Structure formats: C-alpha cells, structure tokens
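> What follows is a predicted structure for the sequence shown.
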Amino acid sequence: MQRQGVSILVADDHPIVRAGIKVVIEAQNDWRVCAEAENGREAVRLALEHKPDIALIDCALPVLNGLEAVRQIGKTLPSVQLLIYTMHDDDGLIRDALRAGVRGYLLKSEDDRELVAGIQALMKGGTYFSQRVAESLRDQMLNGAKTVSPQTLTAREREVVQLVAEGESNKAIARRWGLSVKTVDTHRTSAMRKLNLRTAVDLARYAFRNKLTEP
C-alpha cells in the first residue's frame, strides 16, 4: 500500500515528551508518527526501517547522542529531513547540529505552533530555526568565532566518549559493538589524546559540557 501523508520519526528519551509531540503532530491533516525511539541507536535503526519524511530528534539521547544519530541518518538516508527538537541552545551545539546536516533546530520552550511551522518549512524544502537559534547563527557569522568541538573526533570516538560518560566499561562497549576490548581501548585512547584528557572523569566532564550526554 502506498504511504499517505507526512511520516515523522520522533526520538526522545522521555515517554511523556514523545506522547505530547505525537498529539501535536497527529492533530494535523495527513501527518502521522511512524515510529518512536528512546535512544539514538534505536532512532537510526527505525529510520532505516521506516524511511520517514522527517526525523525529529532530541540532542541528548542515551546510548547514541542525537547529533551522532542525525549524522548517521543523514549519511544513509539523505532524503530524510532532519529536525533537532531540544532544550539546549548552546552555540557550539547549534553549530555542530548544522554540520551534522540538520535543516531545522527548535527549542522545547517554544510554542507548539513553532513545531508545526518547522515541520511545514522542512517539507517545503526550507529551513526553520527558533529565534534564539537564529540569533546565535547570526552572531557566529558576524563574529566568525571558532571553537574546539566534538567534531574533531571520529564517529566511533564520539560514541566511546558518550558511553564512557554513561558509565560503560571498555568490555561492555566491546560486547555492544561486537568488537575486541583492545579496539575499543584504541578508540578511547585516541579520543583522550585528541582532547588532551587524562581520566574517565575528564572524559565524562567533556561529554556533559559538549552535550554528548546528560549528567
């Protein structure tokens, strides 16, 4: 059967937030939530399975953070429109989201009408940003500011940083990925060297500061 209307994947680790988003989306004619994910890894899997028109993703997701999820979705499914919907408005995070390929960036503090307007804009091939986000982008363009960000790490290194910050051991990460402990340790060591960090605590602090995960 041919798919009708606009299909939207929602990724947020809070069930009540997903439920609220779903109410807003499905109140619109021909819009539907085709899948819900509670972590970034699940978001990528469900995107590949359902091939939604829009992927609406929070930045601070467990297992695999939202930015890495949108990078992977955008790489494998370039037709999916990527929309960040989050409480975080950090300038570095906004910049990294754009580098990851998002077309829209909305704050959860905005009115529900902003969410509807953002989805409508992306479906028409446009972009959409909350006012605070648009101001940040304007200031960055005017000032030409450059800062060190998680973008300096490889995808595997970013995942290791997040999982270590979430309390995973090298052995647990290796089991999750089906790799050797030595390979995981190599990624971890490389990330710490690039970031000039010495301990797992330093790595966790870096992950929290750069919104790769939440404390």
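Nice, I can see it.

> Quick check: mean pLDDT of the longest helix that the chain contains?
The longest helix of the chain (DSSP state H) is helix 181-195. Helix 181-195 carries an average pLDDT of 86.

> Could you point out the helix or strand that follows it?
helix 200-209 (DSSP states H and E).

> who's in contact with the residue most central in space within the chain?
Geometric centre of the chain, nearest residue: Gly66, 1.8 Å, by C-alpha atoms, centre = their mean. Taking C-beta atoms under 8 Å, 6 or more residues apart in numbering as the contact definition, Gly66 lies against Ala11, Gly40, Ala43, Ile57, Asp58, Cys59, Ala60, Ile84, Thr86. Every residue, glycine included, has its C-beta placed from N, CA and C.

> which one of those sits closest to Ser180?
Gly40 (23.3 Å; C-beta to C-beta).

> Count the residues that sit near that closest one.
29 (other C-beta atoms under 10 Å).

> For it, list the residues it contacts.
So Gly40 contacts Ala11, Ile57, Leu61, Pro62, Val63, Leu64, Asn65, Gly66, Glu68, Ala69 (C-beta under 8 Å, 6+ apart).

> now do Asp13
Glu38, Asn39, Asp58, Ala60, Leu61, Pro62.

> ok, now with 10 Å
Applying C-beta atoms under 10 Å, 6 or more residues apart in numbering, we find Asp13 in contact with Ala37, Glu38, Asn39, Gly40, Glu42, Asp58, Ala60, Leu61, Pro62, Val63, Gly66, Glu214.

> Show me the domain layout of the protein.
6-143, 150-209 (automatic domain parsing).

> what element comes up after the helix or strand hosting Glu49 heading to the C-terminus?
Element membership of Glu49 [criterion: DSSP H and E] is helix 40-50. Downstream of helix 40-50, the first helix or strand assigned by DSSP H and E is strand 54-57.

> pull the CA atoms of that next one into PDB?
C-alpha atoms of strand 54-57 as PDB (Å, rounded to 0.1, in the frame of the first residue of the first chain):
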ATOM      1  CA  ILE A  54      11.000  13.900   8.900                       C
ATOM      2  CA  ALA A  55      13.200  12.700  11.700                       C
ATOM      3  CA  LEU A  56      12.600  14.800  14.800                       C
ATOM      4  CA  ILE A  57      15.400  14.200  17.300                       C
END
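
> List the strands paired with that strand, with their directions.
Strand 54-57 sits in its sheet next to strand 6-11 (parallel), strand 81-86 (parallel), going by DSSP bridges.
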